[in-house]
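> I would like the atomic coordinates for the input below:
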Amino acid sequence: MKQNFLMELKKINEQLNFIDLEIDDAVLKCEKSVEVIITTIQNVKKEILRTVFKSVSEEIHFFKEIKPQFTSKRIYYNSVYRIETKKPSGSTRILNKPVVHYE
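As a prediction, this is how the structure comes out:
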């Protein structure tokens, strides 16, 4: 059973690498990546509901070691998406202009 989830993890990493190579726009890249991640997490969730763990230690290992690898990818791409969508539009000169704080 552990191998099934590790294969899913490998597959999602390959898909994310492909998206990274194919799409240049950061916002679109994040949107597509999150779609892939959500689909994979749903598939893993369905598999978990159908599967009985062989031991308590195997179940603990899954929820402490394997599952966080899926959810961390979702958190990462959601964070990048929020940063990129809040970034001001403009040329490189405008983006590199320092922000002045008045006190």
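> After the longest helix along the chain, heading C-terminal, what element do we hit next?
Longest helix of the chain, by residue count under DSSP state H: helix 26-50. Sequence order places helix 56-61 as the next helix or strand after helix 26-50, per DSSP states H and E.
> Give me the distance between the longest helix of the chain and the centre of its chain.
Relative to its chain's centre, helix 26-50 lies at 8 Å (CA atoms, centre = their mean, to the nearest Å).
> What of stretch 2-11?
Worked out by CA atoms, centre = their mean, stretch 2-11 lies 15 Å from the chain centre.
> okay, which residue is most central for this protein?
Of all residues in the chain, the one closest to the mean position by CA atoms, centre = their mean is Lys73, 2.5 Å from it.
> hmm, back to that, quick check: buried residues in the longest helix of the chain?
29-30, 32-34, 36-37, 40-41, 44, 48 (16 or more other CB atoms under 10 Å). In short, each C-beta sits where N, CA and C put it, glycine included.
> Pull the residues that contact it.
Identification of contacts with helix 26-50 by CB atoms under 8 Å, 6 or more residues apart in numbering yields 4-5, 8, 11-12, 15-16, 19-20, 23, 62, 67, 70-71, 73-74, 77-78, 80-81, 84-85.
> for this structure, what are the low-confidence residue spans?
1, 90-103 (pLDDT under 70).
> rerun that using 90 as the cut-off
1-6, 48-54, 58-59, 62, 84-103 (pLDDT under 90).
> residues in contact with Leu9?
Counting by CB under 8 Å, 6+ apart, Leu9 has contacts 66, 69-70.
> List the ones among the contacts of helix 26-50 that fall in strands.
Among the contacts of helix 26-50, none falls in strands (DSSP state E).
> Let's see which of the residues you listed end up in helices.
Short answer: these in helices (DSSP H) are 4-5, 8, 11-12, 15-16, 19-20, 67, 70-71, 73-74, 77-78, 80-81, 84-85.
> List only buried entries from these.
Buried members of these, scored by 16+ other CB under 10 Å, are 5, 8, 12, 15-16, 19, 67, 70, 73-74, 77, 80-81.
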